[in-house]
Structures are given as structure tokens and as C-alpha cells.
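**Q** Build me a structure from this.
(one chain, ligands or ions: 1)
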Amino acid sequence: MKCVCDRSDIFLLIKEMLAYILCTALAVLPILIYFRNPYFLKDLYCTFISIYVGIRLSRIEKRFYSILDRFLDKVAEHPHKKFIVYEESSYTYSQADRESNKVARALLTHAHLKQGDTVALFLGNEPWFVWMWLALSKLGCTASFLNVNIRSKSLLHCFSCCEAKVLIAGADLQGAIEEVLPTLKQQGILVFILREHCHVDGIESLSDKIQMESDEPLSRQLRASINIKSPAVYIYTSGTTGLPKAAVLKHKRVWRGSFLLTFAGVRSDDVIYINLPLYHSAAFLMGLCGTIERGTTVVLRSKFSASNFWNDCRKYNVTVIQYIGEVMRYLCNTPKRDNDKDHKVRLAVGNGIREDTWVEFLERFGNICIRECYGATEGNVGFINYGGKVGAVGREHFLYKMACKYALIRFDTEKEEPVRDSRGFCVEVPRGETGLLVAKIGKRTPFSGYAKDKQQTDKKKLRDVFEKGDMYFNSGDLLKIDDEGFLFFQDRIGDTFRSVKHNK
Ligand SMILES: *[C@@H]1O[C@H](CO)[C@@H](O)[C@H](O)[C@H]1NC(C)=O
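**A** Residues are numbered from 1 along each chain as shown. Okay, here's the model as predicted:
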């Protein structure tokens, strides 16, 4: 019996020691992890978001759920929350819903639209842009977003890319429409302008017609045939060479873009400032669709203005700003003011900020978290620098690597083509070296190409990259990955390089 007593003493001692070791390990572990990977917590956060987004995406695919459905759910969830703030007006989710119902009804009556039709929108940043797009989605139609700065030949080219039968223009763009009206008339295009009256033969006023309509919801039957593979919108990319191309964005691509704000850490109580053009993918996908996905509020501005930027942020309690490199540069170039740090902006999401501007921006405007992103409108690959390392356009994450097979391959800048080995395959560059970013085209990472432009679409496809018969999206961008897994943009070769075929 004595032994038992002794043994329990030993047990106690062992238990105590174990507890001690455990405590020490728990205390030291974070330090060890930190030294091995200072981005551990951010990686963990990204892991959670990736899983969340992955589940959402697979559900969306199983039972088709569009960004419009998300919008309608948000309307039901918080009808009186502010959705769009524009100049001195603001519109709640419910008001936006009802406005777009009226637009949809007017288009149904006067343009006889049916699901699958494409309508070109020639509109700048104003609430009408949002109502129009929502209305077209409610009718199962695809919106094609024309750049408001294009004119004459270029305008006609872009318009014809998407095979639209209807064109809707903003009130201030009548002159540009009149320039091309004879051709539009010849092609039998229905042209509307967002005005109450229009006396030009061939242009119909639309605002008066919208006002006459009821704001009752529209039947879902109107868009019953639309699915995840249907084109959601056409967005024009300003190619380095030649005329703009209409990138086909299917619903899944729209969803992917809209999740960027989630990855950046945007919450539903944030207020997002959009001053970039909505007809480009940055403001439309990440900004507007991201807002709907998160159920936040947008402060919309017709144009970027460096002198009004911070005043707007203060006036509207903006917490998230969206940028491109130039925006940040212009902001840093404005004269210094005492109240430079007096604002509620906590997050900036965008792309193209230079390293020196990044540092200067933080010094001057305070502790704002910058989330730099990388991606192309038509691309099937994208990154976000959720780690916050200055200068990087993204950070690798193992889950993303599993979902999207991308690689940096050796590129011969003299010959302007990827380097092939003796078997005719491309060669991945070692870490730290610059290579051409390519991403496998597959079911999960499709490339939808450009509308009515097989030649340009084919040009973006690289074949037989790592094995016979495979196919990759050629980003046209040279990138580098550092030892910590951050991606750095190096150079743009665009679509200037010659044939991507090889004869082996
Ligand atoms: C901004 O926030 C302040 C203080 O929280 C509040 O008093 C003000 O009404 C807000 N302004 C807007 C436009 O929401």
C-alpha cells in the first residue's frame, strides 16, 4: 500500500511537470511561429476566408445564385440601410430595388427586352448606372459597359462587339450619340437617353417613361433561364495595342471579384468610397458588387478629385477607399494640410501603388491598412497582398494554389516568347526570379475570353505548357515571388509578343 502512495506522488510530480512544460510551450510557440512566419495570423485569417468563400462559391454553383439575388436578400435584410450616397442624395437598399423595378418595367414595355438580350450602357458614375444594371439583371439581360470617353469609330466598334440591340446613354452624352446616330439607325438599334424629353429623330427619352412605371417587384420567371455560365456583364479592357476588347464576365467571375473586399477585411458597417469609373472591373466588381456582397454603403463620386477626396471622406464618414496607383500619387502630391490625418479611413483596396508612394501615403495620412491586389478583368487568376508587405501585389496561399494552378515561367525577352525545354515544355522559374504569370484554364478557373474575337481570345491561351494538351491563361505580366511568398509586379509585356505556338 505504501507503494501506491509513492506512486501517486510521482504522478502528481509528473502532472505538474507536464503542466509546466505545456505552459512554457504555449508561451514559446507564438514566438517560434512568429520567427518562422511573422504573417501566421494573417495567413490563418486568409485560410478562414478562403474556406468561407470556397463554400459560398460551391453553393452558388450548385443552386444558381447571382449577385442580384444577393442584393435582393440584402434588401430584405436591411431595407432602410443606405446603399448609395451620391452628392447630396442618398438611397436605401429598398429605394434602389424599387427604382430598378421601374427601370426594368420601362425597358420591358419600350425596348421589348427578353432574357439573354444584351444592352449597352453608355453611362458615367451616377446612381442611374446602378439602377440600370440591376434592372437589366432583373430581366435576365446582359449589360455591356461602354467607356464614356470613347467616341465615333471606337464607340461603334465597342458597341458592335457585344451584339446589343439597345443602347442607353446618360443625359450628358447626347452629343456623342448624335455623332454615330446614322450608323446606329442603319443597324436598327434602339437608342434611349436618360432625359425627360428628346426631340432628335432616332433617340427616345427614357426618364419620363421610367417615372410612369410601377415599382412593384418583377417575376423571377423573366430570368429563369439564366445560369452560372451565362454572361453577366461585358467589360472593355483598354488593350495596350489596338481597339478595346469586350471581356466576357460570367457570373462566377463576378462573384470572384466581389469577394475581394471580404479578403481585404471589409465589414458590413463600412462605408466605401468609389471614385473610379464603374464601367471598369475594379470599381464594378470589387467596389459595387463587393458592396452588395458585404451589404455595406457606397459613397459614389462621378470623378476622382484630389482636392475633394479627404473632405468627402470626412463628410460621409468613409472607412474604406478604393484606389489605383495614380489616385495615391495625386493624393500625395496635394499640398500638406494640418488635418491630413483627420478621417475615419482604415482600409485602402486597389492596385498599382508604387513602393515609395505607399510609404509616403502612410506617413502622411496615418495608419491606413493598404491591401494591394493583382488581377485582370478577363483573367482567371488574381492575388491580394493580405500580409501588407510594402510593394507586393499579392501573397501566395496554399488553399489558393490548390484551387488555381498558376506558375511563373521563364520568358525570353529578346525573342519575346516563353522559354521551352528540350521536350518543348515551359520551365518554372526558381523562387526569387522573374517569370511570366500563367494560370491553368480549367473548370474551376475558366477563361471566358473576348466577345466576338476568337483571334484575341486565342492569343491569351498558351498551350502545351507543362504537359501535352494543357492550356494556360497568359497574363502578359512578369512577376517575382520572394522567399516569404509575396508576389511583386515586374513588367508588362502585354499581348505584344508574337506567336505562342511552338512546333515540336
Ligand atoms: C459621421 O459620424 C458622426 C459621428 O459618429 C455623426 O455624428 C455623423 O452624423 C456621421 N455623418 C454621416 C454622414 O453619417
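
**Q** Longest helix in this protein, please.
**A** Longest helix in the chain by number of residues, with DSSP state H as the criterion: helix 2-36.

**Q** Now do the buried residues in that helix.
**A** Buried residues in helix 2-36, counted by 16 or more other Cβ atoms under 10 Å: none are found. In short, each C-beta sits where N, CA and C put it, glycine included.

**Q** for stretch 202-212, same thing?
**A** Neighbour count says stretch 202-212 has 203-207, 209-210 buried, by 16+ other Cβ under 10 Å.

**Q** just stretch 170-187 next, same as before
**A** 170-171, 173-174, 176-177, 180-181, 184.

**Q** Kindly report the same for stretch 330-340.
**A** Quick answer for stretch 330-340 (16+ other Cβ under 10 Å): 330-332.

**Q** quick one, what contacts residue 91?
**A** Contact analysis of residue 91 by Cβ atoms under 8 Å, 6 or more residues apart in numbering lists 82-85, 99, 127.

**Q** Next secondary structure element downstream of the longest helix of the chain?
**A** Reading on from helix 2-36 to the C-terminus, the next helix or strand found by DSSP states H and E is helix 40-62.

**Q** Identify each buried residue in the helix or strand just after that next one, please.
**A** Toward the C-terminus, helix 40-62 is succeeded by helix 67-77 as the next helix or strand (DSSP H and E). Judged by neighbour count using 16+ other Cβ under 10 Å, the buried positions of helix 67-77 are 67-72, 74-75.

**Q** Kindly indicate which of these lies nearest residue 110.
**A** Comparing the buried residues of helix 67-77 against residue 110 with Cβ to Cβ places residue 68 closest, at 21.5 Å.

**Q** Chain neighbours aside, what residue packs nearest to that closest one?
**A** residue 137 (4.1 Å; Cβ to Cβ, 6 or more residues apart in numbering).

**Q** Where does residue 383 sit: helix, strand or coil?
**A** strand (DSSP: H, G, I helix; E, B strand; the rest coil).

**Q** swap in residue 469?
**A** Per three-state DSSP, residue 469 ends up coil.

**Q** again, but for residue 178
**A** helix.

**Q** count of neighbours near the residue nearest to it when sequence neighbours are not counted?
**A** For residue 178, ignoring the flanking residues on the chain, the nearest one in space by Cβ to Cβ, 6+ apart is residue 200 at 6.4 Å. By other Cβ atoms under 10 Å, the residues close to residue 200 number 13.

**Q** pretty sure residue 200 is in a strand, no?
**A** No: if the criterion is three-state DSSP, then residue 200 is coil and not within a strand.

**Q** what separates it from residue 71, distance-wise?
**A** The gap separating residue 200 from residue 71 is 34 Å, by Cβ to Cβ, to the nearest Å.

**Q** pLDDT wise, what is residue 6 at?
**A** Residue 6 is assigned 69 on the pLDDT scale.

**Q** re earlier: tell me the angle the longest helix of the chain makes with helix 40-62.
**A** Computed by axes from the mean of the first three to the mean of the last three Cα atoms, to 10 degrees, the angle separating helix 2-36 from helix 40-62 equals 80 degrees.

**Q** Helix 2-36 packs against which elements?
**A** Contact here means 3 or more Cβ pairs under 8 Å, 6 or more residues apart in numbering; DSSP states H and E; on that basis helix 2-36 packs against no helix or strand.

**Q** Please repeat the previous calculation with a cut-off of 10 Å.
**A** Packed against helix 2-36 by the contact rule (3 or more Cβ pairs under 10 Å, 6 or more residues apart in numbering; DSSP states H and E) you find helix 40-62.

**Q** between the helix it packs on and helix 67-77, how many degrees?
**A** Using the same axes, to 10 degrees: helix 40-62 against helix 67-77 is 100 degrees.

**Q** 45 is where my numbering starts, stick with that
**A** In the new count, where the first residue is 45, that last one comes out as helix 84-106.

**Q** which helices and strands sit right next to helix 84-106?
**A** Here helix 84-106 touches helix 46-80, helix 111-121, helix 295-302, helix 304-308, strand 438-439, helix 442-447, going by 3+ Cβ pairs under 10 Å, 6+ apart.

**Q** Any idea which of the ones you listed gets closest to residue 337?
**A** Nearest of these (Cβ to Cβ): helix 295-302, 4.3 Å.

**Q** pLDDT of the closest one, averaged?
**A** 94.

**Q** and the closest residue to residue 447 other than its chain neighbours, how far is that from residue 466?
**A** In this structure, residue 447 finds its nearest non-sequential neighbour in residue 488, 6.0 Å apart by Cβ to Cβ, 6+ apart. Look at residue 488 and residue 466: by Cβ to Cβ, they are 31 Å apart.

**Q** Ok, residue 509 next?
**A** From residue 509 to residue 466 the distance is 15 Å (Cβ to Cβ).

**Q** before we move on, what about residue 209?
**A** Using Cβ to Cβ, we find residue 209 at a distance of 53 Å from residue 466.

**Q** These two - which one has more neighbours?
**A** residue 209 (15 against 6).

**Q** thought the more buried one was touching residue 156?
**A** Yes: using Cβ atoms under 10 Å, residue 209 is in contact with residue 156, at 9.4 Å.

**Q** so what's in contact with these two at the same time?
**A** residue 234 (Cβ atoms under 10 Å, 6 or more residues apart in numbering).

**Q** Helices along the stretch 195-344 of the chain, start to end?
**A** All helices of the stretch 195-344 of the chain, identified by DSSP state H, counting those that start in this stretch, fall at 196-205, 218-230, 251-256, 295-302, 304-308, 325, 334-338.

**Q** now swap in the stretch 345-494 of the chain and tell me
**A** Counting by DSSP H, counting those that start in this stretch, the helices of the stretch 345-494 of the chain are 353-359, 369-377, 399-409, 442-447.

**Q** Pull the contacting residues for residue 516.
**A** 424-425, 449-451, 453, 462, 470, 480-486, 489, 491, 504-510, 544.

**Q** Which residue is the nearest non-sequential neighbour of residue 303?
**A** residue 97 (5.0 Å).

**Q** The one you found and residue 177, how far apart?
**A** As judged by Cβ to Cβ, residue 97 and residue 177 stand 23 Å apart.
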